[in-house]
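Undergrad: turn this into a model:
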Amino acid sequence: MEQIISKEEFNELMKIEGEVKEEPLKTTLEFVLKEKGKEGLKKLEDTMAKLGYPIKYQEIRSRDLYPIGLMAITLLVIKRLFNFNEEKFREMGRFEAKISSLIIRVFMKFFVSLERMAKATPKMWKRHFTVGDLKTIELNKEKRYAILRLKNFRLHPLHCQALIGYFSSVVEMIVRSKATCEETKCPFRGDEYHEFLVKWQ
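TA: Model (predicted):
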């Protein structure tokens, strides 16, 4: 256990205030299942159980709430168990966007509109997390970029990478062309909030 995460790291991450709903946690485990198979998922589940917070993929139920620190710990354990780099976490985010039932429902409701998606952003965030405020602060269709600002949220730098992949994938599905995302501001680099610049072709 000490080789994966220290007691000090564990306790510090569990102090993070807020809760995460079931879907982000479940899609994270689904990514591990896709990448590492059933053996990899079991390895992750066994490690989390040894840490005192067992997470069973099959037991995650709709509308369940989990400590947000547990999400940070899960990401850190995944990185150390499987040696995932930043690009792999961005890939995780892209994967999660594509299989998210919430994204699919919003697409069906709003008919894949950038403007309507921008307006729906705060509500979409709140359906995943009990803390944090996400807003689209700028949308320029002519110059093909959008700026997203996430305030009052500080989880883990690995989650920032997953969000980069998530946001770029959502925009790609809307505009149906290649999109990139860059985190231009981040609390882990001393900024007051997260800010993401998404560009598309």
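Undergrad: CA atoms for contacts and neighbours, from now on please.
TA: Will do.
Undergrad: what is the burial count for N83?
TA: For N83, the neighbour count with other Cα atoms under 10 Å is 11.
Undergrad: hey, which helix or strand in this structure has the poorest pLDDT?
TA: Least confident helix or strand of the chain, by mean pLDDT, DSSP states H and E, is helix 101-110 with a mean of 56.
Undergrad: check which residues of the very next helix or strand once past it are buried.
TA: As assigned by DSSP states H and E, the chain's next helix or strand after helix 101-110 is helix 114-126. For helix 114-126, the neighbour count (16 or more other Cα atoms under 10 Å) marks L114, M117, A118, A120, P122, M124, W125 as buried.
Undergrad: other SSEs contacting helix 114-126?
TA: Here helix 114-126 touches helix 101-110, strand 133-140, helix 157-175, going by 3 or more Cα pairs under 8 Å, 6 or more residues apart in numbering; DSSP states H and E.
Undergrad: packing partners of the shortest one?
TA: Same thing as strand 133-140. Here strand 133-140 touches helix 114-126, strand 145-151, going by 3+ Cα pairs under 8 Å, 6+ apart.
Undergrad: low-confidence ranges, this structure, go.
TA: By pLDDT under 70, the low-scoring segments of the chain are 1-2, 101-112.
Undergrad: how about it, which residue sits the furthest from its center?
TA: In the chain, counting by Cα atoms, centre = their mean, E142 sits farthest out from the average C-alpha position, at 28.2 Å.
Undergrad: quick check on it: phi, psi?
TA: phi -70, psi -40 (degrees, to the nearest 10).
Undergrad: one more: L51?
TA: phi -80, psi -10.
Undergrad: again, but for C181
TA: phi -140, psi 140.
Undergrad: neighbours around it, how many?
TA: That count, for C181 with other Cα under 10 Å as the rule, works out to 23.
Undergrad: what's the closest non-adjacent residue to it?
TA: Sequence neighbours aside, V198 is the residue nearest to C181 in space, at 4.3 Å (criterion: Cα to Cα, 6 or more residues apart in numbering).
Undergrad: how about the contacts made by that neighbour?
TA: Y145, A146, I147, L148, F167, S168, V171, A179, T180, C181, E182 (Cα atoms under 8 Å, 6 or more residues apart in numbering).
Undergrad: out of the buried residues of helix 114-126, flag the one nearest to E86.
TA: W125 (22.4 Å; Cα to Cα).
Undergrad: that closest one and K42, how far apart?
TA: Counting by Cα to Cα, to the nearest Å, the gap from W125 to K42 is 29 Å.
Undergrad: next SSE after the helix ranked longest in the chain?
TA: If you go by DSSP state H, the chain has its longest helix at helix 22-50. Beyond helix 22-50 in the direction of the C-terminus, DSSP H and E gives the next helix or strand as strand 65-67.
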